[in-house]
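K.L.:
Predicted model follows, preceded by the sequence.
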Amino acid sequence: MAREGGLIAWQWQGYERNHRDRANLLLHIVLVPAFVAGILATVRFLTWGRWLAALLAFVFALVAFALQGVGHKRESNAPEPFLGPADFIGRVFVEQFITFPRFVLSGQWARNLGRG
């Protein structure tokens, strides 16, 4: 099922509503960069042929993502359920690399934190 306006626009439309809990916001400000760093390190280590380091970096990214899930459980508005594996992967990567950084740079993260 396609998202109206595309995944990036769809995710942005409801993002502020699903990120209002103070603890969740604080977790995200640390864990999203950790996830991104873990994924980028995984790719880099793979290009160097350092398989164990790549695996450890990937596990680091997975832990960072899982801990974000703990924060999401605190939100009064739950995220939309995933439509399948492709939707899960697409939404995760768009959120981590595009939507959350946009949320921070737009000032909405700080506004929601102040409302907490």
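P.N.:
Thanks, I have it. Note that the coordinates shown come from a computational prediction; the quantities given were computed from them, not determined experimentally.
K.L.:
If we go by neighbour counts, what in the one helix or strand R91 maps to is buried?
P.N.:
For R91, the host element (DSSP states H and E) is helix 85-94. Residues of helix 85-94 classed as buried by neighbour count (16 or more other Cβ atoms under 10 Å): 90-91, 94. In this view, the C-beta of every residue, glycine as well, is placed from N, C-alpha and C.
K.L.:
cool, and stretch 44-57?
P.N.:
45, 54, 57.
K.L.:
Tell me where the model's unsure across this protein.
P.N.:
By pLDDT under 70, the low-scoring segments of the chain are 1-4, 116.
K.L.:
So which residue of it lies furthest out from the middle?
P.N.:
G49 (27.0 Å; Cα atoms, centre = their mean).
K.L.:
How about the secondary structure of that residue?
P.N.:
coil (DSSP: H, G, I helix; E, B strand; the rest coil).
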